[in-house]
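Engineer: sharing a model prediction with you, sequence too.
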Amino acid sequence: MQTVKMVVTGPFSAGKTQFIQSVSEIDVVSTERKISSEEERSVKSSTTVAMDFGRITVDEDLVLYLFGTPGQKRFDFMWEILSEGMLGFIVMVDSTRPETFREARSILETFRAYAPTPFVVAANKQDAEDAWELEDVRHALRLDSKTKLLPCVAIDRNTVKTVLLELLYSILKEMDSGK
């Protein structure tokens, strides 16, 4: 049996925990804590402080392990730890919060520096009325045309599976090419 470690990262409140919860076949191991900051509490009531962990069995030969990172800068020391051994990563961005795009770009560059593995960008909340169009998100994040930017709704199991499969295909393609 082959296991594939994938990391789900992105800014605070981008939808990482929900993304993993939508597809995990086990109860997600989560390190959520109540938020103390008034400003952050206006966005949501709890935050991941260490990691989220979920698992998906693709078939009898392949299992995906999903590790969600904390989105807040003060917990970024966990990023490098969680990136060890990853075969690919997903950067989640909230399509309705353009003020987080610069941070998403910075996180993307940080993870690319940890390991030259395949990655995709998931534009979350694409079902929201105020969501940015994909091409506008691509431009704002300064992504080239080869970078996979995928629409996502973290509470929708099917869009989450599509994002995971796109990353998995990229990982398998890289493995086959013998890199």
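Structural biologist: Everything's here; your move.

Engineer: show me where the protein has strands.
Structural biologist: Listed in chain order, the strands found in the chain under DSSP state E are 2-9, 29-34, 46-59, 62-68, 88-94, 119-124, 149-151.

Engineer: of all these, which one comes closest to residue 171?
Structural biologist: strand 88-94 (4.6 Å; CB to CB). Yep, even glycine has a C-beta here, placed from its N, CA and C like the rest.

Engineer: and the closest one, how far from the chain's centre?
Structural biologist: Between the mean C-alpha location of strand 88-94 and the chain-wide mean there is a distance of 3 Å, by CA atoms, centre = their mean, to the nearest Å.

Engineer: would you put the C-alpha positions of it in PDB?
Structural biologist: Written as PDB, here are the backbone C-alpha positions of strand 88-94 (Å, rounded to 0.1, in the frame of the first residue of the first chain):
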ATOM      1  CA  GLY A  88       2.400  17.800  -2.700                       C
ATOM      2  CA  PHE A  89       0.400  20.700  -1.200                       C
ATOM      3  CA  ILE A  90      -2.700  22.700  -1.700                       C
ATOM      4  CA  VAL A  91      -2.900  26.500  -1.000                       C
ATOM      5  CA  MET A  92      -6.400  27.400   0.000                       C
ATOM      6  CA  VAL A  93      -7.500  31.000  -0.700                       C
ATOM      7  CA  ASP A  94     -10.800  32.600   0.300                       C
END
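
Engineer: direction included, what does that strand pair against?
Structural biologist: In its sheet, strand 88-94 lies beside strand 2-9 (parallel), strand 119-124 (parallel), with partners assigned from DSSP bridges.

Engineer: pick the most deeply packed of these.
Structural biologist: Ranked by mean neighbour count under mean count of other CB atoms under 10 Å, the strands paired with strand 88-94 are led by strand 119-124, which reaches a mean of 26.

Engineer: how far does it sit from its chain's centre?
Structural biologist: Computed by CA atoms, centre = their mean, the separation of strand 119-124 from the middle of its chain amounts to 7 Å.

Engineer: mind starting the numbering at 51 from now?
Structural biologist: OK, 51 is where the count begins now, so the last one is strand 169-174.
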